[in-house]
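Student: sequence and predicted model, in that order:
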Amino acid sequence: MANSLMLGESLVGDGNEVAHIDLMIGPKDGPAGQAFATALSSQREGHSTLLAVIAPNLPCKPDTLLFNKVTIKGAKQAVQMFGPAQAAVARAVADSVEAGVLQGDDNLCVLVGVFIHWDAEDDQKIYSYNYQATKEALARAVRGEPKAQTVTAQKAAARHPFASGSEGKLEDADFQGGGRR
């Protein structure tokens, strides 16, 4: 893994339990390591960071940090983050190492942004969707996917599931020269 920073993303599932993972992987002495140290030591209300553990006292390797992408508003949502989401991410990292997708290098670290909807109810879906999304995001990050040519080829037909159709085609005339006239 020669890259100093690898990025991955994946959306899996539906409903209030949908998982949307954004992650970064890199050496502890690079930008990912700096972000890891800063995040772990900068807790604030509603935005916690936590080490990914398979079970108490059994953290996954490489060292992995979860952070929430939306404000945690209550105990139920916190327990979902510290329970099924944390276990899913830790297991996905460990399974990715076992499968050879990711190196179990002590110098690497992984930071994983986790989305837990305020109205999520089903802990099994939270676990399953976050596990799948983390594995997919890790694999994409390591492979450097998607490639720019893939994005260029697919962007016209692609639709964002939460944009409600608002991402319609922009007229080239409105954006000549990089700005609106």
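Tutor: That came in fine, so what should we check first?
Student: now tell me what touches the helix or strand hosting Arg91 from outside.
Tutor: Using DSSP states H and E, Arg91 falls within helix 86-98. With C-beta atoms under 8 Å, 6 or more residues apart in numbering as the test, helix 86-98 has contacts from 21, 50, 52-55, 59-62, 64, 66, 102-104, 110, 112, 114, 126-132, 134-135, 138-139. From N, CA and C alone the C-beta is placed, and that goes for glycine too.
Student: quick check: the closest residue to Ser96 other than its chain neighbours vs Ala137, distance?
Tutor: With C-beta to C-beta, 6 or more residues apart in numbering as the criterion, Ser96 has its nearest non-adjacent residue at 4.3 Å, and that residue is Leu102. Going from Leu102 to Ala137 by C-beta to C-beta, to the nearest Å gives 11 Å.
Student: if we can go back for a sec, confirm the residue nearest to Ser96 sits in a helix?
Tutor: No: inclusion of Leu102 in a helix is not indicated when DSSP: H, G, I helix; E, B strand; the rest coil is applied; the result is coil.
Student: quick check: Glu17 touching Tyr129?
Tutor: Yes: assessed by C-beta atoms under 8 Å, Glu17 is found in contact with Tyr129 at 5.8 Å.
Student: of these two, who's got more company?
Tutor: Tyr129 (27 against 23; other C-beta atoms under 10 Å).
Student: need the longest helix for the chain.
Tutor: helix 123-143 (DSSP state H).
Student: quick check: angle from it to helix 86-98?
Tutor: Counting by axes from the mean of the first three to the mean of the last three C-alpha atoms, to 10 degrees, helix 123-143 lies at 40 degrees to helix 86-98.
Student: restricting to C-alpha, output helix 123-143 in CSV.
Tutor: Taking C-alpha atoms only, helix 123-143 is exported to CSV below (Å, rounded to 0.1, in the frame of the first residue of the first chain):
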residue,chain,number,x,y,z
ASP,A,123,-30.3,-3.2,14.9
GLN,A,124,-29.7,-6.3,12.6
LYS,A,125,-30.2,-4.1,9.5
ILE,A,126,-27.9,-1.5,11.0
TYR,A,127,-25.2,-4.2,11.5
SER,A,128,-25.7,-5.9,8.1
TYR,A,129,-25.8,-2.7,6.0
ASN,A,130,-22.8,-1.1,7.8
TYR,A,131,-20.8,-4.3,7.5
GLN,A,132,-21.5,-4.6,3.7
ALA,A,133,-20.9,-0.9,3.1
THR,A,134,-17.6,-0.9,5.1
LYS,A,135,-16.3,-3.9,3.2
GLU,A,136,-17.2,-2.3,-0.1
ALA,A,137,-15.7,1.1,0.8
LEU,A,138,-12.5,-0.5,2.0
ALA,A,139,-12.1,-2.5,-1.2
ARG,A,140,-12.9,0.6,-3.4
ALA,A,141,-10.3,2.6,-1.4
VAL,A,142,-7.6,0.1,-1.8
ARG,A,143,-8.3,-0.3,-5.5
